[in-house]
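Undergrad: Sequence below, structure please.
(chains A and B)
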Amino acid sequence: MRRWLLRILAVLPLAGGAALAGDAPAKTQRIASLNLCADELLLRLVEPQRIASVTWLARDPRGSNVAALAAAVPVNRGLAEEIVPQRPDLVVAGKYTTRTTVGLLKRLDIPLLELDVPQTVEAVAEQIRQLAHAVGEPERGEALIAGMTARLDALDALDALAQGQRPTAVVLRPNGFVAGSGSLVDTILTRAGLDNLADRLPLGSQGALPLEAIILGGAERLIVDAAPDAPPSLAHAVLHHPAVAALATRVRVVSLPSRLWTCAGPQIAEAAELLAVGREAAP
Amino acid sequence: MSRLPLDERIPYAALVAGLAVLTLALGLASVAIGYVPFDLGAAFGDLLGGRATLPALVLAELRIPRAALGLLVGFSLGLTGAAMQGWLRNPLAEPGLVGVSSAAALGAVVVFYSGLSATVALALPLGGMAGAAAAALLLNVMAARGAGTTTLVIGGIAINSLAGSLTALALNLAPNPYAALEIVFWLMGSLADRSTDQLWLVLPPMLAGWALTLSGARALDALTLGEDTARSLGFNLAALRVRLIAGAALAVGSAVSVTGAVGFVGLVGPHLLRPLVGARPGRLLPVSGLAGASLTLAADIAVRLLPTRPELKLGVVTALIGAPFLIALIWRLRREEP
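TA: Got it, this is the predicted structure:
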């Protein structure tokens, strides 16, 4: 009889605990990320103790907006053999990256959230909301969205003042890549009050273009996706070509760190703000 | 009607002049034919009149350096190919096939991706030259032991694979995430978006390399009679080797350091022209340079006209011409020396 009582007493706190936890949505405790863009959102939404690992890219301040936060979290290189032993409650992956790892995680029935590549501000907000919900931090998600939207709305007010004066702009990225319509970069350009010229370039608007085609396009602003302290590569050498330097004497060249618009996230507001400054004629 | 040998039907001066005109015409065509049609006359007018228009900018900063580099790199490869064939007395000696180009690419890659060339621009051609010199010295050691065609080709395969894999290793170790993908440029070569900076950087060493190589013309002629005869005629063969190795290192090393390794240019020209110059290696040198320049310029025009995106690497086009040529050459050699 006493033994029974003891057992019931021993079980009670657990039951009580479960009842308490039921009041708020259960939060996933061990989350892993396989994609830099997912890393950034995750580190902004969730305290580091609940993150099993993020990609090694998140620690590189040249490419990541959350390098400081990532320093406190283990890193992975996107391999299933790294992720599985971490026993994550949730793995966040990009829809187009680390497909082999994602395939294996699916076969092992590990909970998975795949993030698409948003192309509009609304889709960026929706993605933040979706991830915030999945990790049980809807308030923090809404706060991120509100901050981003407020900054972008402020730019729209500026645009109204400019009375439809939209200078044409073309984006030059490493290897001579340009950003055409339908991309997030195009959305950000438009929000910053610029007119993306990419679709009207002589050789089309997607992929790598020869510098000649970009220069002869005649855009009024050249947005260089710069990484001034990046280690040397031919891809980045295109951005420092003497022809680009010579062009800078004729049109305004705006330098924008690529980390601000490589990924969908609240940092796109900062990208748009820098571009809106660059929209003004040369200082 | 008796048939004269080819070299007597076409006077040498006319051959040189004809090839020079062809090279210049292709150089002008390369300036005129870009990716985007534009008014070349107006662009030249703006450039000469000092008006900073977009076409003038494209002409001065992109098209002219590209065509000039195509000409210089092609001349360097053609000239060096002819010189190596004369020196090693081997028809398959060519900077690409024997590994001089890929070793130069390795040298340039190490200097470029380590960041050295970002602080000291001259380090880039120097890196290419060091690689080319190392491969040429290795060839010299092999040739000293009396290398036949087989030894030379196997040696070339060995140097090419070693330099290629070390280049891949260096690119994978490079901290920039784009670096690993850039191996295609270094192994196949390209003139896309080259600049005037690069042109001025490699022009002096290339000219020095040409001068050294061309100064060996008479000694190469004598060498066709055999080493002993050449020595008895008063030619210092050790000095010739030093000159040719230095010439190859300067010309090919600096060429590869800005355009990557473009193959087969040094093979096709000399073989097409050898019958026209009476099989005299000394007279073959300048015409092979011009033929190499023409071939490179024509291939570079082709990559811009072909509707592939991203564009083909230059080495793809030269290999499409050169590799069948090499197969035909090996076929003929097999019949000649069974």
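
Undergrad: Where does pLDDT dip in chain B?
TA: B:1-8, B:145-147, B:337-338 (pLDDT under 70).

Undergrad: Can you name the residues of it that neighbour chain A?
TA: Residues of chain B that fall close to chain A, judged by CB under 8 Å from any CB of the partner chain: B:34-36, B:38, B:52, B:54-55, B:57-58, B:60-63, B:112-113, B:115, B:117-118, B:174-176, B:178-179, B:181-182, B:185, B:192-193, B:195-197, B:309-311. Using the backbone N, CA and C atoms, a C-beta is placed for each residue, glycine as well.

Undergrad: From these, which land in strands?
TA: Using DSSP state E, the subset of the residues of chain B next to chain A located in strands is empty.

Undergrad: give me the element residue A:146 is part of.
TA: helix A:138-161 (DSSP states H and E).

Undergrad: Just want the residue of the stretch 1-150 of chain A that's nearest chain B.
TA: For the stretch 1-150 of chain A and chain B, the shortest gap (CB to the nearest CB) falls at residue A:63, measuring 8.1 Å.

Undergrad: what helices or strands is the next helix-or-strand element following the helix holding residue A:146 leaning on?
TA: Per DSSP H and E, the first helix or strand lying C-terminal to helix A:138-161 is strand A:168-172. Packing contacts for strand A:168-172, counted by 3 or more CB pairs under 8 Å, 6 or more residues apart in numbering or on different chains; DSSP states H and E, involve strand A:177-178, helix A:184-191, strand A:195-196, strand A:221-226.

Undergrad: Looking at the third one now, give me its mean pLDDT.
TA: Strand A:195-196 shows a mean pLDDT of 93 in the predicted model.

Undergrad: The first one now?
TA: Across strand A:177-178, pLDDT averages out at 91.

Undergrad: Check the longest one too.
TA: Model confidence over helix A:184-191, given as mean pLDDT, is 92.

Undergrad: same for that helix, what does it pack against?
TA: Applying 3+ CB pairs under 8 Å, 6+ apart, one finds that helix A:184-191 contacts helix A:121-134, helix A:138-161, strand A:168-172, strand A:195-196, helix A:259-262, helix A:268-279.

Undergrad: CA atoms only: put it into CSV for me.
TA: C-alpha atoms of helix A:184-191 as CSV (Å, rounded to 0.1, in the frame of the first residue of the first chain):
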residue,chain,number,x,y,z
LEU,A,184,14.7,39.0,-54.7
VAL,A,185,17.4,41.4,-55.7
ASP,A,186,15.0,42.8,-58.3
THR,A,187,12.4,43.2,-55.6
ILE,A,188,14.9,45.0,-53.4
LEU,A,189,16.0,47.3,-56.2
THR,A,190,12.4,48.3,-56.9
ARG,A,191,11.7,49.0,-53.3
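
Undergrad: What strand or helix carries residue A:256?
TA: Take DSSP H and E as the rule and residue A:256 turns out to sit in strand A:252-257.

Undergrad: Then residue B:160?
TA: Per DSSP H and E: residue B:160 is located in helix B:149-173.

Undergrad: hmm, back to that, any idea how far the residue of the stretch 1-150 of chain A closest to chain B is from residue A:188?
TA: 17 Å (CB to CB, to the nearest Å).

Undergrad: Comparing those two, which residue is more hemmed in?
TA: residue A:188 (27 against 19; other CB atoms under 10 Å in any protein chain shown).

Undergrad: Include distance to residue B:267 when you put the helices and strands packed on strand A:168-172 into CSV, please.
TA: Formatted as CSV, the helices and strands packed on strand A:168-172 follow (distance: least, CB to CB, whole Å):
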stretch, distance to residue B:267
strand A:177-178, 35
helix A:184-191, 45
strand A:195-196, 47
strand A:221-226, 41
